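Enquirer: below are the sequence and a predicted model for it; my questions follow.
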Amino acid sequence: MSRALDSTHRRGVFQAEVLANKQICDEHFRIVLKLDDLPPTQPGQFVQLLCRQETDPPSVHTHDWSAARPPVLTGRELTEREPLLRRPFSIAARRDGPTGSTQIDIIYRTIGAGTSWLGRVEAGTQLSVLGPLGNTFTIRRAKNAALIGGGVGIPPMLYLGSALRGRGKAVIVFCGARSANLLPLGLATDVEPSEHGLPKMCIQEFAALKIQSVVATDDGSAGCPGLISEAFDRWISGEQFDPDDLVVYSCGPEPMMQAVGNLCFQRGIACQLAMERHMACGMGTCQSCIVKIRDETPEGFSYKLCCTDGPVFDARDILWE
Ligand SMILES: Cc1cc2nc3c(=O)[nH]c(=O)nc-3n(C[C@H](O)[C@H](O)[C@H](O)COP(=O)(O)OP(=O)(O)OC[C@H]3O[C@@H](n4cnc5c(N)ncnc54)[C@H](O)[C@@H]3O)c2cc1C
Ligand code: FES
C-alpha cells in the first residue's frame, strides 16, 4: 500500500518487499526492493529508507528528573542505536514490470546504526520507502560522457550509465575505492583493471552496458594505485575533446568531486556533481543539508538545500568550504 505525499513532485511513502539483500564486498550490500506504483524516477534521485520495522516504532518517554534522581533512559533509540530517522540512498538501478510493479536496487555501505540494521534484513521483509526525492542529472546533447564515482558515490553512476547508453552516448566510467575489497561493484572474472588507468571492460555491471571502466584504489590492490581523480586527470589530459562534446558527472567524497570539478572548469567542460550531505528529513523541512552556492547576492553566495534543490549541482556553482 502506498500514500501520495505530493502530487506535484509525485513522491510518496511505499511499502517495499525485499527480494534480495546480498553482500558484494567487505562492507557493501545490494538490496533489491519490489514496489507497486512507484512514480517515474531519473538518475541522481534518491529514496529515504526506514532502517527499522515500521510496525515497531521507537518508544518516546518523558522523564522528570533532578540531580538527585537522574533519569533511567531505556528507549531503544538510546540503548540499541535503532535509527529514528530515515536514511538516504541513491537509486542504483530500476526495472519496471508489465503490471505496475517496479524493482529498484540500492547499493549501500554498512557504516552505522541504520545501514548495519539494513545488512541484517532478509528477503521477504517489508520496508518503508519515501521517494523519489531530489533533482536529477541532466543528459545533454554532447555525445560523450565521463562518470567518476568514489565509494558510495559509485551506485548512482550505474543508473546514470544505463540511461546514457539508452540515449546512445559513448560512456567511460572511473571508479575509486580505498581497496579492492571495498569496491561496491563486481570485478569481471576475465578482464583485470589496468594498473596504468587504461579503460577496460573490467567491471561486470558496466561491461554489461558496454561501458569501459578505469579503477583506482588507494592501496593499489585493484587497478591503478592512487586517487580516482588523479586517474581522471591523466585520462582527460591525454584526450582531445571538444569541450562541447563531453559532459562529466560525479558522485563521491567531496574532495574528489572538488578535484574533478576543477579539472573540468580549467577545460571548459560541463560538470554535474551529486552531493551526499548529511540529511534528516530529505524533503526540505529541517534545513540540515545546506550547500553554499555562488550567487549574485551582496555576499556573493546563497544557500541551497541538497535534498530538494539537489543533490545534483553544476560544479561551477558550488562554493567549497
Ligand atoms: C543523497 C544521498 C545519497 C546517498 N546514497 C548512498 C548510497 O547509494 N549508498 C550508500 O551506502 N550511502 C549513500 N548515502 C550515504 C548514506 O545515507 C549514509 O551512509 C547513511 O545515512 C548512514 O546511516 P547509518 O545509520 O548507517 O550511519 P550513522 O550511524 O547515521 O552514521 C555513521 C557514520 O557515518 C557518517 N555519515 C552518515 N551520513 C553520512 C553522509 N551522508 N555522508 C558522509 N558521512 C555520513 C556519520 O557522520 C557517522 O560518522 C547517501 C547520502 C545522501 C545524502
Ligand atoms: S534533509 Fe531536511 S532540509 Fe534537506
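Expert: Thanks, I have it. Ligands and ions are numbered 1, 2, ... in the order given.
Enquirer: near ligand 1, which residues of the stretch 201-321 of the chain?
Expert: For the stretch 201-321 of the chain, the residues in contact with ligand 1 (Cβ under 6 Å from any ligand atom) are 276-279, 311. For glycine as for every other residue, the C-beta is placed from the backbone atoms N, C-alpha and C.
Enquirer: reformat those as JSON lines; add pLDDT and distance to ligand 2.
Expert: What follows is these, written out as JSON lines (pLDDT from 0 to 100; distance: Cβ to the nearest ligand atom, whole Å):
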{"residue": "Glu276", "pLDDT": "94", "distance to ligand 2": "11"}
{"residue": "Arg277", "pLDDT": "95", "distance to ligand 2": "8"}
{"residue": "His278", "pLDDT": "94", "distance to ligand 2": "8"}
{"residue": "Met279", "pLDDT": "96", "distance to ligand 2": "4"}
{"residue": "Pro311", "pLDDT": "98", "distance to ligand 2": "10"}
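Enquirer: so what's whatever residue of the stretch 1-150 of the chain ends up closest to ligand 2 bridging to?
Expert: Residue nearest to ligand 2 within the stretch 1-150 of the chain: Pro88 (7.9 Å; Cβ to the nearest ligand atom). In this entry, Pro88 is beta-bridged to Gln48, by DSSP bridges.
Enquirer: ok, the residue of the stretch 201-321 of the chain found nearest ligand 1 - contacts?
Expert: Nearest residue of the stretch 201-321 of the chain to ligand 1: Glu276, at 3.8 Å (Cβ to the nearest ligand atom). For Glu276, the contacting residues are 88, 152-153, 251-252, 306, 311, by Cβ atoms under 8 Å, 6 or more residues apart in numbering.
Enquirer: surely it is within a helix?
Expert: No. Using DSSP: H, G, I helix; E, B strand; the rest coil, the assignment for Glu276 is coil, not a helix.
Enquirer: Phe46 versus that one, what's the distance?
Expert: Going from Glu276 to Phe46 by Cβ to Cβ, to the nearest Å gives 9 Å.
Enquirer: kindly report the same for Asn21.
Expert: Asn21 is 18 Å from Phe46, by Cβ to Cβ.
Enquirer: Arg267 too?
Expert: Arg267 is 29 Å from Phe46, by Cβ to Cβ.
Enquirer: more neighbours: the two, which one.
Expert: The residue with more neighbours, out of Arg267 and Phe46, is Phe46; 25 against 15, by other Cβ atoms under 10 Å.
Enquirer: bridged to Ala145, which residues?
Expert: Val171, Val247.
Enquirer: hmm, back to that, among the residues of the stretch 201-321 of the chain next to ligand 1, name the buried ones.
Expert: Among those, those classed as buried by 16 or more other Cβ atoms under 10 Å are 276, 279, 311.
Enquirer: from the residues you listed, which is closest to Arg140?
Expert: Nearest to Arg140 out of those is Pro311 (Cβ to Cβ; 18.2 Å).
Enquirer: which ones are touching the closest one?
Expert: By Cβ under 8 Å, 6+ apart, the neighbours of Pro311 are 44, 46, 134-135, 274-277.
Enquirer: brilliant, that's me finished.
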